[in-house]
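> predicted model follows, preceded by the sequence.
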Amino acid sequence: MSSPSCSTLPTLHWGVIGTGLAASWFATDLNLPRANAQARHVIQAIGSSSIEKGETFAKTHLPGVDVTIYNTYEQVYADTKVDIIYIATPATFHKKNCLDAIAAGKHVLCEKPFTITAQESRDVIAAAKAKGVFLMEGMKIFEDKVIGDVNRVLCDLSMYMGQLDQIRSRTAPSENPAIPPGIMLEAGVYPVTWGLLALEKQPGCGEERPQILAASKLCNGVDISTSMIMHYPASGQQAVLSMSMETKLASNFCRIEGTKGHIDVEGLVTSHPESFTIFHKSERPESGIPFAFNKAGQKFKFDQEGWGFHYEADAVALDIAAGRQENAIMPCSETIRVMEIVDEVRRQVGVRFPQDDQ
């Protein structure tokens, strides 16, 4: 089956605000030539803190692309050629950036964490609905159900973070928004999402609400290492999740255990799985051993180009072309549910932000 021609594909003109790591991956992915593209993407404008920084970003990640560079985000929102804003700024600014873009009548794709609190997420979602624009949290979704009924998930996202020294020197995130507001907000949404996807048949659709148990290592009021359990009382299913700024995760960052075997998911980070290995349980125990060992695993690689951001961009383009205001797989209600889990973890470990009092 031949791919649709560029003239028949829906087209989105993007304004990107923020020029950090996520923005660099996003821009690079959207500039990749793809035979199976479901939409056409044009990065129309870049918003940065300076023209020079924006020009360096464009030269590095969008070589040969004619893109307008602005030194304020407001100019990106006001650009009449821009259809949608991709928000890749520090999380502290997400609510304001989303609301400003929405007020300008732009669609929005916002990086994780969507906001600082669940209430901030509700405010942004309400504004988007009132304005009639599309809104989605950036999330790539992968799923496999070949190991029977899933009963436990283990997932870790740990990474050395350079800002840890600033946290230890008592520089608070509220004083410098470039400092992560804690590992739970910076990374926790990824393990939580892996747990929800693996344990729930259709996440967010009438599923049992998991109980949360969490503990953190705090440094000057910032959680630098957190472990948590999501427990489903009716089924007994559990997700055992961890994240840390002090160490590096193993290449097999997630293990999904089922009644017929288990899956190990491998990759550089939880947002970019590169392969998975399926281990099926033996049909009968080996002689002299009272339980069944798993057979040798079968490894499969994800056939994907770049970092996978083009998949969510394609989904956004198709939804907007169809007149939808949110995505069916990653609806706004799921964003709020994940943020409520993050809020509960912060409540249990004693991490508070000024936004909690608003």
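Great, that's in hand.

> how about low-confidence regions in the stretch 51-200 of the chain?
Low-confidence regions of the stretch 51-200 of the chain, defined by pLDDT under 70, span residues 140-146, 162-166, 168-180.

> do that again at 80, thanks
139-147, 160-180 (pLDDT under 80).

> quick one, strands of it?
Shown for the stretch 51-200 of the chain, the strands assigned by DSSP state E, counting those that start in this stretch span residues 68-70, 84-87, 107-110, 135-137, 150-158.

> could those go into JSON lines alongside mean neighbour count and distance to Val124?
Where you see a C-beta, it was placed from the backbone N, CA and C, and this is true even at glycine. Compiled in JSON lines, these are given as follows (neighbours: other Cβ atoms under 10 Å; distance: least, Cβ to Cβ, whole Å):
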{"stretch": "strand 68-70", "mean neighbour count": "19", "distance to Val124": "22"}
{"stretch": "strand 84-87", "mean neighbour count": "27", "distance to Val124": "10"}
{"stretch": "strand 107-110", "mean neighbour count": "26", "distance to Val124": "8"}
{"stretch": "strand 135-137", "mean neighbour count": "27", "distance to Val124": "7"}
{"stretch": "strand 150-158", "mean neighbour count": "21", "distance to Val124": "24"}
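
> okay, these in a markdown table with distance to His13 next?
Putting the strands of the stretch 51-200 of the chain into a markdown table (distance: least, Cβ to Cβ, whole Å) gives the following:
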| stretch | distance to His13 |
| --- | --- |
| strand 68-70 | 11 |
| strand 84-87 | 7 |
| strand 107-110 | 10 |
| strand 135-137 | 17 |
| strand 150-158 | 33 |
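
> out of the ones you listed, which is closest to Gly236?
Nearest of the strands of the stretch 51-200 of the chain to Gly236, taken as Cβ to Cβ: strand 150-158 at 7.1 Å.

> low-confidence stretches in the stretch 251-358 of the chain?
Across the stretch 251-358 of the chain, the ranges flagged by pLDDT under 80 are 269, 271, 281-297, 302-305, 358.

> tell me where it has helices.
Secondary structure of the stretch 251-358 of the chain, counting by DSSP state H, counting those that start in this stretch: helices at 309-321, 332-349.

> just put those helices in CSV and tack on distance to His61 and mean neighbour count.
Formatted as CSV, the helices of the stretch 251-358 of the chain follow (distance: least, Cβ to Cβ, whole Å; neighbours: other Cβ atoms under 10 Å):
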stretch, distance to His61, mean neighbour count
helix 309-321, 12, 21
helix 332-349, 27, 20
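
> for Ile102, find the nearest of the ones you listed.
Among the helices of the stretch 251-358 of the chain, helix 332-349 comes nearest to Ile102, with 12.5 Å by Cβ to Cβ.

> neighbouring contacts of the closest one?
For helix 332-349, contacts defined as Cβ atoms under 8 Å, 6 or more residues apart in numbering pick out 113-115, 117-118, 120-122, 125, 128, 135-137, 182, 184-185, 188-189, 192-193, 196, 203-204, 210, 212-216, 218, 223, 226, 228, 230, 326, 352.

> in TSV, list the helices of the stretch 251-358 of the chain along with distance to Ser244.
Formatted as TSV, the helices of the stretch 251-358 of the chain follow (distance: least, Cβ to Cβ, whole Å):
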stretch	distance to Ser244
helix 309-321	25
helix 332-349	13
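
> in terms of contact, does Val82 touch Ala45 like I think?
Yes. Between Val82 and Ala45 there is a contact under Cβ atoms under 8 Å: 5.5 Å.

> need the overlap of contacts for those two.
Joint contacts of Val82 and Ala45 (Cβ under 8 Å, 6+ apart) are 14-15, 76.

> for these, which one is nearest Glu257?
Trp14 (39.5 Å).

> quick one: average pLDDT of the helix or strand hosting that closest one?
Element membership for Trp14 (DSSP states H and E) is strand 11-17. The average pLDDT for strand 11-17 rounds to 98.

> residues contacting the following helix or strand past it, please?
Once the chain leaves strand 11-17, the next helix or strand it forms, by DSSP H and E, is helix 21-30. Helix 21-30 is contacted from outside by 14, 16, 41, 43, 57, 60-62, 86, 88, 111, 138, 305-310, 313, using Cβ under 8 Å, 6+ apart.

> who's in contact with Gly47?
15-18, 54, 70-73, 75-76.

> any idea how far His61 is from it?
14 Å (Cβ to Cβ, to the nearest Å).

> in contact with the closest residue in space to Lys81 that isn't next to it in sequence, which residues?
The spatially closest residue to Lys81, leaving aside those adjacent along the chain, is Gln44, at 5.1 Å (Cβ to Cβ, 6 or more residues apart in numbering). Gln44 makes contact with 13-15, 67-68, 79, 81-82 under the criterion Cβ under 8 Å, 6+ apart.
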